[in-house]
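Trainee: sequence? don't have it. structure:
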C-alpha cells in the first residue's frame, strides 16, 4: 500500500443518477476508463461517453432480470487484489483480471420502496445484492481502491484527483471506506427492520442506521458531543421540516421540537386549531381555540413562566396574527404544517427565533420503534400509539361525566400521553390549566399542577384558579385516594385514569364521596 493510488479504471453502477453524467465526463477527461452496467451505462452513452459493459469485461451476460451481473471473479478480483502482492498480481495476469481503482455505487431504493407502501414482492426485488458486495470489496481494499457511495462525495473526489495528478490519498480512501461500510450497514438495517416487522416477532439481532443530518455544537450540555441523524423515513416532523430562519437547532431544540410536534399532531386540524407549548420535553400548555391565535393564548395562559424560551407547535399553518402573538415573548422554535407570507415576515424581526414548517402533521397512529440505550445494551419497544374513544371509557362512579366534562377528559388524556410520569393534567374547556410532570409521587404531581394554576390565577388577576370546574387526567392509576382528594380540593369535578389498582374501590368511594365523576380507560400512558 502507498499513500497515493492512481485512478485508471472505474466501475460506475448507480440507482440515483444525480450528478452521474458530470462525474463520468470529469473522469473521462482525466483518461479514466469507464465500466458500467444497465441503466447507468445507457445514461453515460447518451451523454456521448465511451463505456464498456461489465458483461463485456466478464464475458458473462447479465441474467435473471439483472440479478446477476457484477457478481463475478473478474469484478471482485479487480477490486480485492492487493497491488503490492506478487501472488495477487500473478493471479490477475493468469486469469485476465484488470484492476478496478474506483467504484461508484449507490443502491437500489429499498428505503423509498418501503416508504411508499409497496407490496412485499416489490420490496424484495429492491433489495440490492451486487451493489453492497462491490462496495464492501472496494472498501476492504481501500489501501488501493477508492469507493464512493454518496453523490456528495463526487466533488471531493474530483478535487483530490486534481490536487494529486489523477491519484487519491490514503486518507481520502480510508474516509470513503468508512462511509461505505456505514451505508451498507444502514441498508442492511433497513432490510432487517422491515423484515422483522413482516415476521412480527422480536428478532434475535437488531441494528439501527441513519444518515448524518446535522453536526451539533454540543449535546444536552456543552461538554457533550452530539450529532443528529435521520432514518430516511418521510414522516413529517423535525427531521423533514424546512427551517426558514434562525440559527441551527441545538440538541435540546431538536428533542423538544419533536415532542411538541408529536403532541400537536394528535389534534385533527379539521376539528379546529390547536397549540402545544413544550419546555424540556414536557408540555407547559396545550389548548384548542376558534383561531390559532386564541389556541396559542390559551396554551400560554396555562403556565406563562415556563413558556418563556419554549417550543411552540401548531396543528394548522401559521398566520400573521398568531405570529404577532408569539413574538410577545422569547421563543426558541415554532413548528407548524406551513406558514403564510405574513407570518414569515413577522418572524423576520426575531432573528433568533427558528421557524420550521413540516409537510403536514405526523400520523399519531403510525407504528414506530422507540429505542433507549442502557449500560450493555438498549431497550426497544413499540412507540406509544395507544388511543381511546368515548366507547372505550368505563364509568365507575355514581355520577357520569357531562358532555363538556367528557370532551375535556378525552383532551386531558391525549395530553397525558405526552407528559413525563408521574403525569397529572388539569383541563378546562379544551385547554390545560395545570400540568404536573415527572414527579416520584403522583400526589406531588397533583399538588404541583394545582399550585401552578393558583400562581397563574394570581398573575392573570382571576378571582379563582382555573382548576375550579376542571377535569383531571392521570397517566396511570391512583395508588391511593390522596391524589384524587387533592384534585377535588383544587376544584376538579371529573377524572380519567386507567384503573387497575388494588385500591380502586377505595379511590372510587372517595370520588363518590366528593361528588366526582370518574372513568377508567384500561390503558396506561407511562412516559419515562
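Mentor: Sure thing, it's come through. Computed from a predicted structure; not experimentally measured.
Trainee: how about residue 286, phi and psi?
Mentor: The phi and psi values for residue 286, taken as degrees, to the nearest 10, are phi -140, psi 130.
Trainee: for the one 3 residues further on, same thing?
Mentor: Residue 289 has phi and psi values of phi -160, psi 170 when expressed as degrees, to the nearest 10.
Trainee: got the contact list for it?
Mentor: 272-275, 295-298, 430-431 (C-beta atoms under 8 Å, 6 or more residues apart in numbering). Quick note: C-beta positions are derived from backbone N, CA and C, even for glycine.
Trainee: who wins on neighbours among these?
Mentor: Within these, residue 275 tops the neighbour count with 32 neighbours, counted by other C-beta atoms under 10 Å.
Trainee: picking that back up, can I get the contacts of residue 289 in JSON lines including secondary structure and distance to residue 128?
Mentor: Converted to JSON lines, the contacts of residue 289 look like this (DSSP: H, G, I helix; E, B strand; the rest coil; distance: C-beta to C-beta, whole Å):
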{"residue": "272", "secondary structure": "coil", "distance to residue 128": "46"}
{"residue": "273", "secondary structure": "coil", "distance to residue 128": "45"}
{"residue": "274", "secondary structure": "strand", "distance to residue 128": "43"}
{"residue": "275", "secondary structure": "strand", "distance to residue 128": "44"}
{"residue": "295", "secondary structure": "helix", "distance to residue 128": "47"}
{"residue": "296", "secondary structure": "helix", "distance to residue 128": "47"}
{"residue": "297", "secondary structure": "helix", "distance to residue 128": "53"}
{"residue": "298", "secondary structure": "helix", "distance to residue 128": "51"}
{"residue": "430", "secondary structure": "coil", "distance to residue 128": "50"}
{"residue": "431", "secondary structure": "strand", "distance to residue 128": "51"}
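Trainee: farthest-separated two in the residues you listed?
Mentor: 272 and 297 (14.5 Å; C-beta to C-beta).
Trainee: ok so residue 473 is a strand residue?
Mentor: Yes: judged by DSSP: H, G, I helix; E, B strand; the rest coil, residue 473 forms part of a strand.
Trainee: neighbours of it, how many?
Mentor: For residue 473, using other C-beta under 10 Å, the count is 27.
Trainee: is it true that it touches residue 417?
Mentor: No: the pair residue 473 / residue 417 is not scored as a contact, 9.2 Å apart, by C-beta atoms under 8 Å.
Trainee: please, where are all the helices along the stretch 251-400 of the chain?
Mentor: 251-264, 292-300, 304-307, 320-326, 341-347 (DSSP state H, counting those that start in this stretch).
Trainee: and the angle for the second one with helix 251-264?
Mentor: Right, helix 292-300. 110 degrees (axes from the mean of the first three to the mean of the last three C-alpha atoms, to 10 degrees).
Trainee: check which helix or strand residue 432 maps to.
Mentor: Element membership for residue 432 (DSSP states H and E) is strand 432-436.
Trainee: what's the helix or strand following that strand packed up against?
Mentor: Elements were assigned by DSSP H and E; along the chain past strand 432-436, the next helix or strand is helix 442-460. On a contact count with 3 or more C-beta pairs under 8 Å, 6 or more residues apart in numbering; DSSP states H and E, helix 442-460 meets helix 304-307, strand 424-427, strand 432-436, helix 482-489.
Trainee: average model confidence for helix 442-460?
Mentor: For helix 442-460, mean pLDDT rounds to 94.
Trainee: go ahead and measure how far that helix is from the middle of the chain.
Mentor: Counting by C-alpha atoms, centre = their mean, to the nearest Å, helix 442-460 is centred 33 Å from the centre of its parent chain.
Trainee: and stretch 390-401, by the same measure?
Mentor: Mean-position distance between stretch 390-401 and its chain equals 37 Å (C-alpha atoms, centre = their mean).
Trainee: could you give the mean pLDDT of that stretch?
Mentor: 96.
Trainee: low-confidence ranges in the stretch 101-250 of the chain?
Mentor: Scanning the stretch 101-250 of the chain for pLDDT under 70 picks out nothing.
Trainee: go with 90
Mentor: Counting by pLDDT under 90, the stretch 101-250 of the chain shows low-confidence ranges at 106-118, 125-126, 128-131, 133-134, 186-187, 189-190, 192-212, 230-235.
Trainee: quick one: the strands in it?
Mentor: For the stretch 101-250 of the chain, the strands defined by DSSP state E, counting those that start in this stretch occupy 102-106, 146-148, 167-169, 211-216, 226-230, 242-245.
Trainee: quick one: strands adjacent to the fourth one?
Mentor: Right, strand 211-216. If you go by DSSP bridges, strand 211-216 pairs up with strand 226-230 (antiparallel).
Trainee: check which residues of the strand it pairs with are buried.
Mentor: Across strand 226-230, burial judged by 16 or more other C-beta atoms under 10 Å covers 226, 228.
Trainee: cool, and stretch 516-526?
Mentor: 516-521, 523-525.
Trainee: for stretch 237-244, same thing?
Mentor: Neighbour counts over stretch 237-244 (16+ other C-beta under 10 Å) mark 237-241, 244 as buried.
Trainee: which of those sits closest to residue 387?
Mentor: Nearest to residue 387 out of the buried residues of stretch 237-244 is residue 237 (C-beta to C-beta; 18.5 Å).
Trainee: ok, now how distant is the closest one from residue 358?
Mentor: Relative to residue 358, residue 237 is positioned 6 Å away (C-beta to C-beta, to the nearest Å).
Trainee: turn the buried residues of stretch 237-244 into CSV, columns for distance to residue 462.
Mentor: Listed next are these as CSV, based on distance: C-beta to C-beta, whole Å:
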residue, distance to residue 462
237, 36
238, 35
239, 40
240, 41
241, 36
244, 36
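Trainee: what about residue 16, how many neighbours?
Mentor: Neighbour count of residue 16, defined by other C-beta under 10 Å: 13.
Trainee: three-state assignment of it?
Mentor: coil.
Trainee: now the helices of the stretch 251-400 of the chain in CSV, with distance to residue 438 and mean pLDDT?
Mentor: CSV is the format used below for these (distance: least, C-beta to C-beta, whole Å; pLDDT from 0 to 100):
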stretch, distance to residue 438, mean pLDDT
helix 251-264, 13, 96
helix 292-300, 19, 97
helix 304-307, 13, 94
helix 320-326, 26, 96
helix 341-347, 31, 95
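Trainee: adding distance to residue 489, write those out as TSV.
Mentor: What follows is these, written out as TSV (distance: least, C-beta to C-beta, whole Å):
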stretch	distance to residue 489
helix 251-264	28
helix 292-300	24
helix 304-307	23
helix 320-326	34
helix 341-347	42
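Trainee: the residue of the chain most remote from its centre: which element?
Mentor: Computed with C-alpha atoms, centre = their mean, the residue of the chain farthest from its C-alpha average is residue 94, at 51.8 Å. Using DSSP H and E, residue 94 maps to helix 86-95.
Trainee: hmm, who's touching that helix?
Mentor: 73-74, 77-78, 81-83, 97-99.
Trainee: just to revisit the earlier point, buried deepest among the helices and strands packed on helix 442-460, which one?
Mentor: strand 424-427 (a mean of 32; mean count of other C-beta atoms under 10 Å).
Trainee: contact partners of that one?
Mentor: Against strand 424-427 from outside (C-beta under 8 Å, 6+ apart): 408-409, 411-412, 415-416, 419, 432-436, 442, 445-446, 448-450, 453, 466-467, 470-475, 483, 487, 490, 492.
Trainee: pull up the pairing partners for it, direction included.
Mentor: Paired neighbours of strand 424-427 in the sheet (DSSP bridges): strand 432-436 (antiparallel), strand 471-474 (antiparallel).
Trainee: reformat those as JSON lines; add mean pLDDT and distance to residue 425.
Mentor: Putting those into JSON lines (pLDDT from 0 to 100; distance: least, C-beta to C-beta, whole Å) gives the following:
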{"stretch": "strand 432-436", "mean pLDDT": "96", "distance to residue 425": "6"}
{"stretch": "strand 471-474", "mean pLDDT": "97", "distance to residue 425": "5"}
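Trainee: no further questions, thank you.
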